[in-house]
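Peer 1: sequence and predicted model, in that order:
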Amino acid sequence: MLPGFLTKAVELLLGREGRPLHLRVAGGATAALVVVMLTGSYAVVAAEEEVRGANLTSYPKALWWSVETATTVGYGDFYPVTLWGRVVGAVVMILGITAYGMVTAALATWFVGREERRRDERRHRGVRGAYEETAAALHERFDRVERMLAGKDGREER
């Protein structure tokens with residue numbers, strides 16, 4: 001069941017060709033971060049297993065530590081004591097900072113793009129309004145010219 005769920009989640013995050021690039025990149029970064037946190041938790045437990053003074057001795061503790069580390073919260077309640085555990089911690093930190101930065105950038109890009117579309121719509125409406133005003137003024141002038149010409153033509157024939 002889990003691989004099917006992961007496949008669906010990856011398709012949701014990375015799929016849809018019409019989706020903007022910044023959203024696909026943010027989705028990919030999030031998927032990579034989840035994988036790194038899950039595998040990092042496993043790796044740190046393996047590295048810290050049966051080491052004196054180690055406090056990352058179970059997968060649930062390591063998963064909590066991984067989330068703390070990726071989000072740079074780092075409460076200090078759990079930490080690796082071996083070299084390989086610290087290497088795993090560094091990888092989780094770097095990918096966590098990168099992934100959250102990409103998600104933040106994607107959100108900022110979305111907000112900026114939305115505001116630009118609103119401005120363009122307002123500008124387009126303003127141009128359309130000016131165009132309509134100009135067209136109405138020209139029609140009015142042409143109507144006056146036609147009436148004047150019709151009046152002159154009518155007077156000359158009588």
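Peer 2: That came through fine.

Peer 1: what about stretch 150-158, average pLDDT?
Peer 2: When pLDDT is averaged over stretch 150-158, the result is 60.

Peer 1: Arg122: which element?
Peer 2: Taking DSSP states H and E as the criterion, Arg122 maps to helix 83-157.

Peer 1: scratch that, Pro3
Peer 2: Using DSSP H and E, Pro3 falls in helix 2-14.

Peer 1: quick one: mean pLDDT for that helix?
Peer 2: The average of the pLDDT scores along helix 2-14 is 66.

Peer 1: over to stretch 97-114?
Peer 2: Stretch 97-114 shows an average pLDDT of 87 in the prediction.

Peer 1: that one: which residues count as buried?
Peer 2: 99-100, 102-103, 106, 109 (16 or more other Cβ atoms under 10 Å). (Each C-beta comes from the backbone N, C-alpha and C, glycine too.)

Peer 1: next one: phi and psi at the residue lying closest to Gly113 once chain neighbours are set aside?
Peer 2: Closest residue in space to Gly113, ignoring its immediate chain neighbours: Pro20 at 7.9 Å, by Cβ to Cβ, 6 or more residues apart in numbering. When read as degrees, to the nearest 10, the backbone of Pro20 gives phi -60, psi 150.

Peer 1: any idea how far Pro20 is from Trp110?
Peer 2: 8 Å (Cβ to Cβ, to the nearest Å).
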